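**Student:** Here you go, sequence then predicted model.
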Amino acid sequence: MNSSLNDHATTSAVPEQPAHHEPEHERAAIAALGHELRALVDATVRTAASPDTLHRVTDGVRSLTRQLTGRRRARAEIPSVDEFPGGVRMYSPVTGAGSPLAPPMRVTPADGGVAGTCVLGKAHEGPPGYGHGGMSAMLLDELMGWACVAAGTPAMTVSLQLRYHRPVPLDTPLRAFAQVTGVEDRRVSVGGVITTEEDHATVLVAADGVFVSPDPDRARALFPSLPGT
Ligand SMILES: CCCCCCCCCC(=O)SCCNC(=O)CCNC(=O)[C@H](O)C(C)(C)COP(=O)(O)OP(=O)(O)OC[C@H]1O[C@@H](n2cnc3c(N)ncnc32)[C@H](O)[C@@H]1OP(=O)(O)O
């Protein structure tokens, strides 16, 4: 599960006949393209190439984009390769192996909560050499959503408070951690932090969030393609 409840789906093209492929085969292809696109994004924001080179690359990228033809996913359509809520989200802007925007963060269970590891690059920069504050918020929001799922209470963010103690370094292995701290009816309280992998004791960013499990009618309206809604 993750926080990719946005409109990126409307611009993602899918293979013309995805049903003919095994999910793992499809996921591998999606991840391979995502990997190359992230490399392209990284090269794009780091390059000092000449305008001529940039124009030539622009033409090449435009012709590549034209190859992603076929049926396009509808706005609220859940990809067949995904497991929502609570599993693989191939195009999540935080965890998605197929997303050119994602670091991507790898999520695993950890003592009483969930841990997320990733490296932010130049494309995620805020202050020179450090991560954008919005990226930290996005990483934590996502991971705190995963903590809700891990606690058996899938829920959406209704409030997120961030405290930025130290800048988050780019090109450095990071570790985020999130855990549910309380559940009251449909309201779930969640805490989260970001540290470096090297130094778990120094908190760079801390967050407190309130998440709410939508009532069944609201869930059906929000996620019409979710099985069981
Ligand atoms: C289903 C799982 C989906 C998982 C997706 C991954 C999520 C990852 C994290 C995200 O990024 S989510 C995206 C950003 N969040 C949103 O877009 C949520 C926008 N908000 C909503 O759509 C609705 O508020 C929501 C569906 C979450 C809840 O609507 P409901 O109509 O089901 O609940 P309602 O508004 O009645 O509120 C339920 C309880 O929460 C309380 N509440 C609402 N907002 C609150 C708030 N800000 N702080 C504290 N409590 C709050 C509210 O008072 C009430 O308390 P009581 O039950 O005691 O009356």
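**Tutor:** All right, it came through fine. Numbering: from 1, shown residues only.

**Student:** Look through the chain and tell me its longest strand.
**Tutor:** strand 173-184 (DSSP state E).

**Student:** And the next helix or strand past that strand?
**Tutor:** strand 187-196 (DSSP states H and E).

**Student:** relative orientation of that following strand and strand 173-184 in degrees?
**Tutor:** Interaxial angle of strand 187-196 relative to strand 173-184 (axes from the mean of the first three to the mean of the last three CA atoms, to 10 degrees): 160 degrees.

**Student:** Strand 187-196 vs the ligand: in contact?
**Tutor:** Yes: using CB under 6 Å from any ligand atom, we find that strand 187-196 touches the ligand at Arg187. Backbone N, C-alpha and C define where each C-beta goes, glycine included.

**Student:** So what's the gap between that strand and the chain middle?
**Tutor:** Distance, stretch centre to chain centre, for strand 187-196: 16 Å (CA atoms, centre = their mean, to the nearest Å).

**Student:** immediately after it, which helix or strand?
**Tutor:** Next element after strand 187-196 (DSSP H and E): strand 205-212.

**Student:** Just checking: what are the partner strands of that next one?
**Tutor:** strand 156-164 (antiparallel), strand 187-196 (antiparallel) (DSSP bridges).

**Student:** would you turn the ones you listed into JSON lines with mean neighbour count and distance to Cys148?
**Tutor:** Listed next are the strands paired with strand 205-212 as JSON lines, based on neighbours: other CB atoms under 10 Å; distance: least, CB to CB, whole Å:
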{"stretch": "strand 156-164", "mean neighbour count": "14", "distance to Cys148": "9"}
{"stretch": "strand 187-196", "mean neighbour count": "22", "distance to Cys148": "5"}
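
**Student:** dump the residue contacts of Val41.
**Tutor:** Residues in contact with Val41, defined by CB atoms under 8 Å, 6 or more residues apart in numbering, are Pro100, Leu101, Ala123.

**Student:** Can you point out the buried residues in the lengthiest helix in the chain?
**Tutor:** Ordering each helix of the chain by length in residues (DSSP state H) puts helix 23-46 first. For helix 23-46, the neighbour count (16 or more other CB atoms under 10 Å) marks Glu26, Arg27, Ile30, Ala31, Gly34, Leu37, Arg38, Val41 as buried.
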